[in-house]
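S.K.: take a look and give me a structure for this.
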Amino acid sequence: MALILRIDVDRPYGKHPLLRHFLSKLASDLWFPRIPSAGYLDELNSMLRTLNERAARAYVFFRRCTLPSPQTLELLRQGRHVSGLHLEDSRSFASFAAEKALIERHIRTPILAVCKHGSGKARYGYHHYAPYEPARYIEWARRAGMKLFLGNLEDPSIEPEHLDGDFVSFPAVFWLEPSWRDTTTFTVDWLISRAKIYDTVLLVHPENVLESAELTKSFMDLLSVVETKILL
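M.R.: Prediction:
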């Protein structure tokens, strides 16, 4: 058994300093070009380099505003990581299919994994539909020929669901960032122990993890002692 590493790429330009936060917001709500010199996907690229050095693999979920740059695509290829859809506009199957097609055109490969941007508690940007309705995403994903849904619930002890047609749904994740985790019950040591017995999803946001020395250390410790796994 192993960690299923989920990387949600939420911000194209990170959030610090203030200018990069502004560019991320502008790119999310309106439009801003993908400029490497302005720090486009810097945190993600740094994290992918670390994973590649350790032969650790991940699912990397992209929004419409965080489409991978050529450098990112090369890092994904080198590490044999799997790209997925970080669903933003979940109003209908049509909007879901449009976002899926957008990413597939960009990366030129089928998308087989999906997760939802946000957990229903807030609206994150102009294109974001806030309600969290996992049953609908699973239905749409299966209809579109996808194989994996990773949910946002905060109890990582919830077992995955294996549906007909080899579709797998993990309803919950271990959120490395403590704001979304019961840090008393679900410690990093708990995750290490569990992942040695059960496949368990670990969710990270590069711009949050890499700005914190404590979270970075926890992330590196996990990579050192627990194997990562790709299901597809």
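S.K.: pull out the buried residues from the longest helix seen in the chain.
M.R.: Secondary structure of the chain read by DSSP state H shows that its longest helix is helix 93-107. By 16 or more other CB atoms under 10 Å, the buried positions in helix 93-107 come out as 95-96, 99-100, 102-103, 107. (Glycine included, C-beta is placed from N, CA and C.)
S.K.: ranges for the strands of the protein?
M.R.: 3-9, 59-62, 82-87, 113-116, 148-153, 161-163, 167-172, 174-175, 200-204 (DSSP state E).
S.K.: quick one: strands adjacent to the last one?
M.R.: If you go by DSSP bridges, strand 200-204 pairs up with strand 3-9 (parallel), strand 174-175 (parallel).
S.K.: using TSV, lay out these together with mean pLDDT and distance to Thr216.
M.R.: Output for the strands paired with strand 200-204, formatted as TSV (pLDDT from 0 to 100; distance: least, CB to CB, whole Å):
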stretch	mean pLDDT	distance to Thr216
strand 3-9	98	14
strand 174-175	98	16
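S.K.: reformat the ones you listed as a markdown table; add distance to Ala135 and mean neighbour count.
M.R.: Below are those laid out as a markdown table (distance: least, CB to CB, whole Å; neighbours: other CB atoms under 10 Å):
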| stretch | distance to Ala135 | mean neighbour count |
| --- | --- | --- |
| strand 3-9 | 20 | 25 |
| strand 174-175 | 21 | 25 |
